[in-house]
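Sequence plus predicted model, see below.
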Amino acid sequence: MRAFALTLLLAALSASPTNAAMVDPRFPDWPCQQIKVPELSVAAMWAGPPIDDIRASWANDPRLKELVAKLAARRTPLEEAEKDIAAFITGSAAEKETKAKLLFAGLFDTLNRERTEVMDGIERFSRRMKEFADTLRADAQALRTVQDAPNQDEKKMQELVSRLEWKTRVFDDRRKTTAYACEVPVLIDQRLFALSRMIQQAME
């Protein structure tokens, strides 16, 4: 019992959703190994003509809004997205350029907003994980106090061991969820970049 309890104690005290050595002081609640980039850059994703002149007008076209929503969704295969993009960007060279700019602007705004929402959610979850880790440490300290008492309360110790075991398991499961969630912004970046290249190819 005591050896098992000490194992749980060590697990609780070392459990943390982030590696302190990797924490960026600018973003103390960011738990991912990936460096946090709060906002995407148009220049990093788009090598086509400037979109400043039409940046906000894409949302005025219902057909374009529908296409943007479909292309932004990760459930839409990239092969299908490429066909939809080619079908949309048609006409003269000037018409193709305008459509390409509008489509990219819509995708950039949509996916950048989605990415921000995901990262905000990850940081909220990270703060809750830190609070949970604090409760683990408190339970571990309570267990150590009971174990070190001259007259051990076996019932109390068993209760603390059981509670600490359950909380440690829950914490580990949630930490795995965090690791998965950290991949989502990367997937969004990759999708936007791939769609951007498809748009440029269709325009050219």
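Great, that's in hand. Computed from a predicted structure; not experimentally measured. Numbering: from 1, shown residues only.

Off-centre distance for stretch 89-97?
36 Å (CA atoms, centre = their mean, to the nearest Å).

and the strand or helix carrying residue 130, what does it pack onto?
Assigned by DSSP states H and E, residue 130 belongs to helix 93-148. Counting contacts by 3 or more CB pairs under 8 Å, 6 or more residues apart in numbering; DSSP states H and E, helix 93-148 is packed against helix 2-14, helix 62-72, helix 78-88, helix 154-181, helix 183-203. To be clear about C-beta, it is placed using only N, CA and C from the backbone, and glycine gets the same treatment.

Quick check: mean pLDDT of the first one?
Over the span of helix 2-14, the pLDDT mean works out to 50.

Equivalent analysis for stretch 54-63, please.
For stretch 54-63, mean pLDDT rounds to 88.

What lies in contact with that stretch?
64-65, 68, 98, 101-103, 105-106, 109 (CB atoms under 8 Å, 6 or more residues apart in numbering).

where does the protein dip in pLDDT?
1-23 (pLDDT under 70).

circling back: of the helices and strands packed on helix 93-148, flag the one that's most buried.
helix 183-203 (a mean of 18; mean count of other CB atoms under 10 Å).

Could you name the helices and strands sitting against that one?
With contacts defined as 3+ CB pairs under 8 Å, 6+ apart, the packing partners of helix 183-203 are helix 42-45, helix 78-88, helix 93-148.

So which of those helices is the most surrounded?
With neighbours defined as mean count of other CB under 10 Å, the helices and strands packed on helix 183-203 peak in mean count at helix 93-148, which reaches a mean of 17.

What is the nearest of the contacts of stretch 54-63 to residue 186?
Within those, the smallest distance to residue 186 is 19.3 Å, found for residue 109 (CB to CB).

May I have the residues that are in contact with the closest one?
Residues near residue 109 by CB under 8 Å, 6+ apart: 55, 58-59.

now residue 115
Residues counted as contacts of residue 115 (CB under 8 Å, 6+ apart) are 40, 185, 188-189.
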